[in-house]
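# Pasted the sequence and its predicted model underneath.
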Amino acid sequence: MASITNEAGAEFGIPFLAKLTARLTAAFKTSSVYKDSLREVVKKTFTQFADAFNALFEAAEETLAERGLAERLLLIADGTDKIPLDDAERLFIHESEQLLAIQALVLYTAPITLKYGGTSVSKLDTDEVLPIIKLQQRDGGRHEAGWQTMRDLLARRIETATFADPALIDRLIEYSGGHPRELLRLLRMACELTESERIEAPTVERAIDKLAADFRYWLQPADYKLLAEVDARKGAHVGNDERTRNLLWRLALLHYNDGSWRASHPVVRRLEGYQEALRALAPTPARHTGPTGRRGTGKGRS
């Protein structure tokens, strides 16, 4: 703590804050002891912690404003949409007073199921649902603007020349469903699986299959049935029961246009369970029955 104080006095500004954030993030990732200790401190002395945090941010904003570098600081708490649902409800609903005690501009990510479950987060200033990037319209038509946005996003993470064929980039985008996090998951898997300096078509397919396998481990027959029904109805919004909310939270079911329509995750459609559920929904072909009640051959009598 003393070293942080000394550094702050020497270089209190955006570089220092970036260095401090990086140090805390690294400590959380590499040391479970540090993480548990800090959680215990915050739990037992939250008021003092909040006061110290607020003082740090107030001083930072004043210093940056005096130097003409920034007017306000925005703190983004990313990843809080992936915590267990019970913990998320406790954090954002029942204990939201603690979040409000932080006197700063803060952007939290919350599980989409809090919104679909009818749970209000109105104690916070506002809640917005960020839609998944559309790759196609509800009627199946291609939405080119969405494809280009995803290409631009991927190009910020990797040299596109790493792919043996530009079409492989679109292949990853197609199976991301338009979800940025899923695109980056597929990209990471492809990089881990490649055995050469370039990413070839077989590697991309293996990455897609690997992501699909992650869903296979936990999807139940009833889940496949619901996903197939949603797709068969062209994404019709048919309710928000517990099963639906769980599928939304775990990204097996994706929502578009602020939730007005939905679709199963593209990799899920490759799974045998989904294919079987889809076949079960197909109508049974009608067979011709003759006037005597016996099944006819379809041939007329002369």
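Yep, that arrived. Numbers count the residues shown, from 1 in each chain.
# Doesn't Asp165 lie inside a strand?
No - residue state for Asp165 (DSSP: H, G, I helix; E, B strand; the rest coil) corresponds to coil; a strand is not indicated.
# residues near Glu89, how many?
Taking other Cβ atoms under 10 Å as the criterion, the count of residues near Glu89 is 19. From N, CA and C alone the C-beta is placed, and that goes for glycine too.
# could you say which helix or strand contains it?
Assigning secondary structure by DSSP states H and E places Glu89 in helix 85-89.
# before we move on, what about Ile76?
When secondary structure is defined using DSSP H and E, the element that contains Ile76 is strand 74-77.
# For that strand, name the packing helices and strands.
Counting contacts by 3 or more Cβ pairs under 8 Å, 6 or more residues apart in numbering; DSSP states H and E, the secondary-structure elements packed against strand 74-77 are strand 105-108.
# which helices and strands does the strand it packs on pack with?
For strand 105-108, where contacts count as 3+ Cβ pairs under 8 Å, 6+ apart, the packed elements are strand 74-77.
# repeat that for 10 Å
Counting contacts by 3 or more Cβ pairs under 10 Å, 6 or more residues apart in numbering; DSSP states H and E, strand 105-108 is packed against helix 46-66, strand 74-77, helix 96-100.
# before we move on, the earlier item: in the helix holding Glu89, what counts as buried?
Residues of helix 85-89 classed as buried: Leu85, Ala88, Glu89 (neighbour count, 16 or more other Cβ atoms under 10 Å).
# just how off-centre is that helix within its chain?
16 Å (Cα atoms, centre = their mean, to the nearest Å).
# residue contacts, the spatially closest residue to Phe57 that is not a sequence neighbour?
Taking Cβ to Cβ, 6 or more residues apart in numbering as the measure, Phe57 lies nearest to Ala104, with 4.6 Å between them; neighbours along the chain are not counted. By Cβ atoms under 10 Å, 6 or more residues apart in numbering, the residues touching Ala104 are Phe53, Asn54, Leu56, Phe57, Glu58, Ala60, Glu61, Arg72, Leu73, Leu74, Leu75.
# could you pull out the strands for the chain?
Taking DSSP state E as the test, the strands found in the chain are 74-77, 105-108, 253-256, 261-264.
# What's the mean pLDDT across the first one?
This points to strand 74-77. Averaged across strand 74-77, pLDDT comes to 83.
# any idea how far the most centrally placed residue in the chain lies from Pro84?
For the chain, the residue lying nearest the average C-alpha position, counting by Cα atoms, centre = their mean, turns out to be Arg181 (5.3 Å). Separation of Arg181 from Pro84 (Cβ to Cβ, to the nearest Å) stands at 18 Å.
# what about the closest residue to the residue nearest to the centre of the chain other than its chain neighbours, neighbour count?
Spatial nearest neighbour of Arg181, chain neighbours left out: Leu251 (8.0 Å); criterion: Cβ to Cβ, 6+ apart. Leu251: 19 surrounding residues under other Cβ under 10 Å.
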